[in-house]
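In: give me a model of this one.
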Amino acid sequence: MEDRQPFLTLSELENGKDSPIFQELRDRYKNNAGYQRRYGNYYIGTRKKIENNLRRLFIERGGNPLRKYPFYFVLGSSTWFKHLIENQIEVRIPICDLNSATTSFTFPDSYIALTNNKKPYHGKIFLLHELKSFIDKYGMPGDDDSRNYEHYWEGDFEKYIEFQIWENNIVEPFIDKYFRANDDKRIRPK
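Out: Numbering: from 1, shown residues only. This is a model prediction of the structure:
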């Protein structure tokens with residue numbers, strides 16, 4: 001979103017669900033027709049549990065996370081995800097620039113993948129070198145341009161493959177660019 005520094009994570013909010021930032025995001029859809037994202041009151045607590053499990057599974061698979069919570073990306077592009085929040089800024093990172101020791105992926109979204117057990121890929125994380133065999137076996141999700149956001153969290157939600165990046169280095173250039181572009185308006189936290 002244009003009004004916030006890129007790559008902030010809700011899991012790192014100091015007051016969790018009581019944070020004014022989370023409360024504003026939770027209620028933003030009520031006053032902004034271009035904001036389709038929904039958060040329940042227990043989202044942050046559930047998200048932290050999922051992320052702890054995601055991190056544990058990644059370590060068990062041989063991953064080396066350098067962060068407590070990952071940054072999230074979509075493989076390829078997703079029209080549906082792009083329009084979930086109006087005016088999102090798109091960031092593209094070539095797969096060859098990703099570090100296999102600090103990159104995992106889930107299908108679908110990690111929130112769904114680690115809270116369901118209906119499909120053979122639920123409850124699991126995958127490593128970067130497994131991407132081709134994963135797509136060969138399960139296919140690449142089609143780009144859903146329906147922009148149907150009504151109760152999106154209730155379905156299978158198989159709209160994209162989600163990448164989790166467990167290091168800061170890959171996003172630092174984008175954060176630096178943001179602060180250079182807004183240097184007269186923003187102060188970079190330490």
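In: how near is Asp176 to Asn169?
Out: In this view, Asp176 and Asn169 are 11 Å apart by Cβ to Cβ, to the nearest Å. Just so you know, the C-beta spots here come from the backbone N, C-alpha and C atoms, and that holds for glycine as well.
In: equivalent analysis for Thr106, please.
Out: 22 Å.
In: more neighbours, those two?
Out: Remark: of Thr106 and Asn169, Thr106 carries more neighbours, 24 against 11, as counted by other Cβ atoms under 10 Å.
In: who's in contact with the closest residue to that one other than its chain neighbours?
Out: Leaving aside its chain neighbours, Thr106 sits nearest to Ala113 (4.0 Å; criterion: Cβ to Cβ, 6 or more residues apart in numbering). For Ala113, the contact set (Cβ atoms under 8 Å, 6 or more residues apart in numbering) comprises Thr106, Phe107, Tyr121, His122, Gly123, Lys124, Ile125, Glu162.
In: give me the pLDDT for the nearest residue to the fourth one once chain neighbours are set aside.
Out: When the adjacent residues along the chain are set aside, His122 lies closest to Asn116, with 4.6 Å between them (Cβ to Cβ, 6+ apart). According to the predicted model, the pLDDT of Asn116 comes to 85.
In: relative to Arg56, how far out is Asn116?
Out: 18 Å.
In: just to revisit the earlier point, part of a strand, is the residue nearest to His122?
Out: No - judged by DSSP: H, G, I helix; E, B strand; the rest coil, Asn116 forms no part of a strand; its state is coil.
In: ok, it touching Lys124?
Out: No - the pair Asn116 / Lys124 is not scored as a contact, 11.1 Å apart, by Cβ atoms under 8 Å.
In: ok, back up a step: burial count for the residue nearest to His122?
Out: For Asn116, the tally of surrounding residues (other Cβ under 10 Å) stands at 14.
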